[in-house]
Each structure stands twice: as C-alpha cells, then as structure tokens.
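Q: how would this look folded up:
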Amino acid sequence: MWDETSTIRIEHGNLIKATTANRVREAGAFVVPTNITFAVVARDGARYGMSAESLEKVSFVLDAGLSALETLQSAGVTMGYGSDLLGQMHGHQSEEFLLRGRVLKPRDVIRSATVDAARVLNMEGLIGTIAPGAHADLIAVYGNPLKDLAILSDPARLRKIIKGG
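A: Next up, the predicted model:
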C-alpha cells in the first residue's frame, strides 16, 4: 500500500520531458524504462496480427523511450531495469542492455540493472552489490561488458552463474 513515505516508481517513462524528469528527481522517484517491450512488439507485432497503425505507434513510443533515457539521465533520475515481456517473449529481456547502450554508457546501463535496481526495490546492500551480507548473485562472462554490452544479452558468453554466492 502506498503512503506519503513510500518510494514512487514510474514504469516506462517513454514520453517524459525534461521538466517532468526534474520533478521526478526532486521527488526522489525512480523510473523503470522497459524499451525492449516496445522493440519486440515493433519487430514481431505484424506476425501476431497487429495493424500497421499500431506498429507505427509502437515504433514512435520506442524512439521516444530511447530519447527519454537521455532526458532521465540528464535530470539525474535513478533508472531501474525491468521488462513487461511475457511468455515466450521473456527470453528477449537481456536485449534491453543493447537498447540502452545506444544512448547510455555501458557502466550506466549495468548500474541500472544492479545497484540502481536494488535502490528501486528498497534492497540496497542486499542485491546489486558485492558486499558482506549481500545475496552475492554473480555472473562471469567471456569478455568485458564495459566495452561490449552485447555480452550481457548472449547466453553463449555467460561463463558461470553463481546464485547466493
């Protein structure tokens, strides 16, 4: 249940403008962009019977969402990492790294899925960090995701997954 002491979380934020982004930051609220949802629908929607008009709208919202990432970052808004993908589409979630990487630096994209995600969930110090007492879920990858975010969306490049450290 929400009350005035609760943290405000905004899903998507695709159409956010600078003035609103500044208000979000001032309120201490978080935004969880989910651009991969729109990218998958834009790519596969016709196959599932979506009209050209609907696909055009989805493409517009996706483009706006990528621009919103820059707006949110410039305003200093904390962004989490999430997805609204369901069923068989869920396997595309890690492609969000690549979408965000089009406009944000790799370290900022990775931080949104770790430290910032922990803040969004009110779990700082428990997840998204390597520290005593934290859950210590880790991945080891082939390569350096700070130089190539594609590593994080390619299961073949995952070397090891450590859950509960």
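Q: residue contacts, Ala29?
A: Thr7, Ile8, Arg9, Ile10, Val77 (C-beta atoms under 8 Å, 6 or more residues apart in numbering). For every residue, glycine as well, the C-beta is placed using N, CA and C.
Q: Compute the number of surrounding residues for the residue nearest to Glu11 when sequence neighbours are not counted.
A: What sits nearest to Glu11 in space, not counting adjacent residues and going by C-beta to C-beta, 6 or more residues apart in numbering, is Val32, at 5.5 Å. Val32 has 20 neighbours, counted by other C-beta atoms under 10 Å.
Q: now the contacts of Ala29 in TSV, with secondary structure, distance to Leu99 and neighbour count?
A: Below are the contacts of Ala29 laid out as TSV (DSSP: H, G, I helix; E, B strand; the rest coil; distance: C-beta to C-beta, whole Å; neighbours: other C-beta atoms under 10 Å):
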residue	secondary structure	distance to Leu99	neighbour count
Thr7	coil	25	14
Ile8	coil	24	11
Arg9	strand	20	15
Ile10	strand	18	18
Val77	coil	17	26
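Q: Let me know whether the residue nearest to Glu11 touches Tyr81 as I believe.
A: Yes. Using C-beta atoms under 8 Å, Val32 makes contact with Tyr81 at a distance of 7.1 Å.
Q: remind me which residues of the chain are low pLDDT?
A: Residue ranges of the chain with pLDDT under 70: 1-6, 165.
Q: In the protein, which helix is the longest?
A: helix 52-75 (DSSP state H).
Q: Can you point out the buried residues in it?
A: Within helix 52-75, the residues scored as buried using 16 or more other C-beta atoms under 10 Å are 55, 58-59, 61-62, 64-66, 68-69, 71-73, 75.
Q: Please, where are all the helices along this structure?
A: Counting by DSSP H, the helices of the chain are 18-26, 35-44, 52-75, 96-101, 106-113, 115-120.
Q: Identify whichever of those lies nearest to Ile139.
A: Across the helices of the chain, Ile139 has its closest neighbour in helix 106-113 (10.8 Å, C-beta to C-beta).
Q: Buried residues in the closest one, which are they?
A: Those buried within helix 106-113 under the rule 16+ other C-beta under 10 Å are Pro106, Val109, Ile110, Arg111, Ser112, Ala113.
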